[in-house]
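When you get a sec, could you give me coordinates for this:
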Amino acid sequence: MKTFARNLLGWSSVLALFLGFAANPAFSQTGALEGKVIGPDGKPVGKDAALILITRTDIKGNYKVKTNKKGEFFHAGLPLGTYDVSCEVDGKVVDSVKGVRMRLGDPVPVNFDLAQMAARQAAMQKAAETGQVTQEMARDMSPEQKAALEKQAKERAEAMKKNKELNDAFNGGMEAMKVNNFQGAVESFEKAATLDANQHVIYGQLAEAYGQLAKTKTGAEKEEINNKSLGAFKKAIELKGDDAAYYNNYGLALARSGKFPEAQESLNKAAQLDPAGAGRYFYNLGALLVNAGQNEPAGEAFRKAIEADPNYADAHYQMGIYLTGKAQVDTKTGKMTFPEGTQASFEKYLALKPDGPFAASAKGMIETMGGTVQTTYTNPDAKKAAPAPAAPKKKKN
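You can find the predicted model right below:
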């Protein structure tokens, strides 16, 4: 009886011990992770320099730990399972290891060598550029990685070939423009546009080439080529709508084609985009309108040029010429009456450009109007010279 009782007591102790373990299953079902982070310089990173993110993938769970002053990290109490471990530096994930299985016993080692990783990336980049994979690289690559690298190398080679063809075509067009071979320039720029339809500079140059080529033609052929020039300008503007130069050149091309309202609209847009150059844009338009016999629109263009840049000397001269054309002749006396501001326009030109190319003509127009031509003109906006310093007085002994 005593023996039975003693045995029963022993089994009770074992059962209690078993139940105690059963009540705390996690006590023996966790593992640990340890490792070291080597920086890009080949030295261990410092304290808190890297953050290790430990993400469980079979069941939701996230853990993190920072490196110590030796670049080492350690995390215990991780439930058994599968994890992705990432290394984060300066808020960016720089490397990761996937499919890490936690185990009982010794900590699972996971190390990050950022210097080695940088070297691998450089080698991969070179392989992608050259299409050559070293044996060492091939050993570490999966079939999928090899296929992806070969595809990347092929695409890069094709892109480089296309880029060379594009540059050759564009440069050929520019060289042809220099020697006035406008037909050859058109053909080169057209080829460049087929190779890359998203380069605004190609269409800008193509439009110029067509415009120059049109000047060598007549009749319907000239009109057709001018329309191609306008189409190329529109494409350039579509690709880069904030470029005032395209609107300026497009406006001038429209004026050459006799489309004056559209030309003024385009030049106004150029002036909006580049207020500092507005005077030049409107002056160019006025000059084209004068050559086309459109005197009233030309006068308006010169007026806008002066409003945009009051010191645009040539615009003042052209405004004077425009106003001169509106002079009235008294049938009884034969005396000419000039519109208000005519003489002032020529005087302003001479004040701004006393030795300019239109100086002699401006002086002649002033004399014709009965005005007195000054012998010396100075720019009213020029800074006055500082007075010479007075001679120092002699000191008395």
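
If you rank every helix and strand of this structure by mean pLDDT, what lands last?
helix 2-23 (a mean of 41; mean pLDDT, DSSP states H and E).

Please name the nearest non-neighbouring residue to the residue nearest to the spatial centre of the chain.
Central residue of the chain (CA atoms, centre = their mean): K240, 10.6 Å from the mean position. Excluding the flanking residues, the one nearest K240 by CB to CB, 6 or more residues apart in numbering is H200, at 4.1 Å. (Glycine included, C-beta is placed from N, CA and C.)

Could you check how far that neighbour is from A193?
According to CB to CB, to the nearest Å, H200 stands 11 Å off from A193.

who's more crowded, these two?
Remark: of H200 and A193, A193 carries more neighbours, 21 against 16, as counted by other CB atoms under 10 Å.

The residue nearest to K240: what's it in contact with?
K235, A236, L239, K240, D243, Y246 (CB atoms under 8 Å, 6 or more residues apart in numbering).

Tell me if the first one really is in a strand.
No. Counting by DSSP: H, G, I helix; E, B strand; the rest coil, K235 is not part of a strand but helix.

same for the particular helix or strand that has A263 in it, what does it pack against?
Assessed by DSSP states H and E, A263 sits inside helix 260-273. Where contact means 3 or more CB pairs under 8 Å, 6 or more residues apart in numbering; DSSP states H and E, helix 260-273 is packed against helix 244-256, helix 278-291, helix 295-308.

at 10 Å what do you get?
helix 219-239, helix 244-256, helix 278-291, helix 295-308 (3 or more CB pairs under 10 Å, 6 or more residues apart in numbering; DSSP states H and E).

Please report the distance of R120 from V93.
In terms of CB to CB, R120 sits 16 Å off from V93.

So for these two, which residue has more residues nearby?
Neighbour count, other CB under 10 Å: between R120 and V93, R120 has more, with 14 against 11.

Can you tell me the element the more buried one falls in?
helix 114-130.

cool, V201 as well?
helix 200-214.

buried sites along that helix?
Burial within helix 200-214, assessed by neighbour count using 16 or more other CB atoms under 10 Å, is assigned to 200, 202-214.

From these, pick the one nearest E158.
Nearest to E158 out of those is I202 (CB to CB; 19.8 Å).

ok, back up a step: any chance of the buried residues of helix 200-214 in CSV with pLDDT and distance to G364 as columns?
Output for the buried residues of helix 200-214, formatted as CSV (pLDDT from 0 to 100; distance: CB to CB, whole Å):
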residue, pLDDT, distance to G364
H200, 95, 46
I202, 95, 48
Y203, 96, 45
G204, 95, 41
Q205, 96, 42
L206, 96, 44
A207, 96, 40
E208, 96, 37
A209, 96, 41
Y210, 96, 40
G211, 95, 35
Q212, 95, 35
L213, 96, 39
A214, 95, 36
